[in-house]
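Asks: sequence below, structure please.
(one chain, ligands or ions: 3)
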Amino acid sequence: MKFEKLKNNPKLPKHIAFIIDGNGRWAKHRGLPRSFGHKAGFDNLKKQTDYVEQLGIKNLSLYCFSKENWNRPKDEVDYLMKLFDQMLDEYKQRYLTKDVRIVISGDMDDQRLPETVRKKAKELMELTKNKSGFIINPCINYGGRQEIIKAVNEIIKENKKDIDENEFEKHLYTKDLLPLDFIIRTSGELRTSNFLPWQSTYSEWYFPKILWPSFSKKDLVKALMSYMKRNRRFGAIKG
Ligand code: IPE
Ligand code: IPE
Ligand code: MG
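Replies: Ligands and ions are numbered 1, 2, ... in the order given. Down below sits the predicted model:
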């Protein structure tokens, strides 16, 4: 199927996520420093975000930086922080006049993050909080287990007892997002790496071997076609 034909197809997922993996290997294969891979990866992120929006998919989550990624060399982390800073500037320029909401999942009070990133992230969330046309959710300084612990601690502080799933979800970064339908992790790694564990219990997964900077519009269409053929049973008997 062609991209154009997929637009607003009711079978499309409503919330998709990219775990953008393979930037470093993409650069290595070309004899380039890893930072070049990250730059190419972020350029591709913009393109893919546009495709997802054009298709009419309502929510997009992006795994950009995990809690565990602090274990990387300082110069690589610094470079990634520079890219996030730019990304936040671009979001502001591009989306403020549109019906687009930016939610950022991750600890934005962590002092290890540059102050500009923390400030811009919070400002952008605040400025766009009443919009709902398309939600972009970059996960920066995000860890799934930490998110669950954060929720538990908030609930304890509020003195709530016997809470249910709905109540618990109110304490997650993704509380205003739709259920996570489909997750694409590039580069061939078959693991979740602490990404949205609560939200992904019934997500469909897709693991193309392609490195993220090379993941194309055609690859996105192929992935979505795979999703649309699946029979999501949620424990019941269907189809
Ligand atoms: C993903 O690419 C980008 C981030 C984690 C920010 P990697 O940097 O993990 O690339 P590989 O896995 O080393 O190839
Ligand atoms: C997962 O990729 C995190 C992001 C994409 C931001 P990693 O490259 O950090 O994951 P591992 O270390 O291979 O599990
Ligand atoms: Mg990786």
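Asks: alpha carbons only for contacts and neighbour counts from here, please
Replies: OK.
Asks: so which residue is smack in the middle of the chain?
Replies: The centroid of the chain falls nearest to residue 62 when counting by C-alpha atoms, centre = their mean (1.8 Å).
Asks: look up how far ligand 1 lies from that one.
Replies: For residue 62, the distance to ligand 1 (C-alpha to the nearest ligand atom, to the nearest Å) stands at 10 Å.
Asks: quick one: secondary structure of that residue?
Replies: At residue 62 the chain is in strand, as set by DSSP: H, G, I helix; E, B strand; the rest coil.
Asks: got it, and the one 3 residues further on?
Replies: Taking three-state DSSP as the rule, one finds residue 65 in the strand state.
Asks: residue 141 is in contact with that one, correct?
Replies: Yes - when contacts are counted by C-alpha atoms under 8 Å, residue 65 is listed as touching residue 141 (5.3 Å).
Asks: coming back round to it: pull the contacting residues for the residue nearest to the centre of the chain.
Replies: 17, 18, 19, 20, 136, 137, 138, 139 (C-alpha atoms under 8 Å, 6 or more residues apart in numbering).
Asks: residue 115 and ligand 2, how far apart?
Replies: For residue 115 relative to ligand 2 (C-alpha to the nearest ligand atom), the value is 20 Å.
Asks: so what pLDDT did that residue get?
Replies: Looking at residue 115, its pLDDT is 98.
Asks: what bridges to residue 140?
Replies: Beta-bridge partners recorded for residue 140 (DSSP bridges): residue 65.
Asks: quick check: it touching residue 64?
Replies: Yes - contact criterion C-alpha under 8 Å: residue 140 and residue 64 qualify, at 5.5 Å.
Asks: and residue 16, backbone torsions?
Replies: Taking degrees, to the nearest 10, you get phi -120, psi 160 for the backbone angles of residue 16.
Asks: bridging residues for it?
Replies: Applying DSSP bridges, one finds that residue 16 bridges with residue 60, residue 182.
Asks: and it, how many residues sit next to it?
Replies: By other C-alpha atoms under 10 Å, 23 other residues sit near residue 16.
Asks: that one is in contact with residue 61, isn't it?
Replies: Yes - between residue 16 and residue 61 there is a contact at 6.3 Å, judged by C-alpha under 8 Å.
Asks: pLDDT on stretch 169-176, on average?
Replies: When pLDDT is averaged along stretch 169-176, the result is 98.
Asks: same deal with stretch 8-19?
Replies: Across stretch 8-19, pLDDT averages out at 98.
Asks: again, but for stretch 71-87
Replies: Mean per-residue pLDDT for stretch 71-87: 98.
Asks: buried residues in it?
Replies: Using 16 or more other C-alpha atoms under 10 Å as the test for burial, stretch 71-87 gives 76, 77, 79, 80, 81, 83, 84, 85, 87.
Asks: what does stretch 159-175 give?
Replies: 169, 171, 172, 173, 174.
Asks: cool, and stretch 33-50?
Replies: 34, 35, 36, 37, 38, 39, 40, 41, 42, 44, 45, 48.
Asks: OK, contacts around the fourth one?
Replies: Listed by C-alpha under 8 Å, 6+ apart, the contact partners of residue 37 are 23, 24, 25, 26, 27, 213.
Asks: give me the three-state assignment for the fifth one.
Replies: If I follow you right, that is residue 27. Here residue 27 is helix, with the state taken from three-state DSSP.
Asks: what's near enough to touch it?
Replies: Contacts of residue 27 by C-alpha under 8 Å, 6+ apart are 33, 34, 35, 36, 37.
Asks: next one, pLDDT for the spatially closest residue to residue 100 that is not a sequence neighbour please.
Replies: Distances taken as C-alpha to C-alpha, 6 or more residues apart in numbering place residue 134 nearest to residue 100, at 4.8 Å, with adjacent residues excluded. At residue 134, the pLDDT value in this model is 98.
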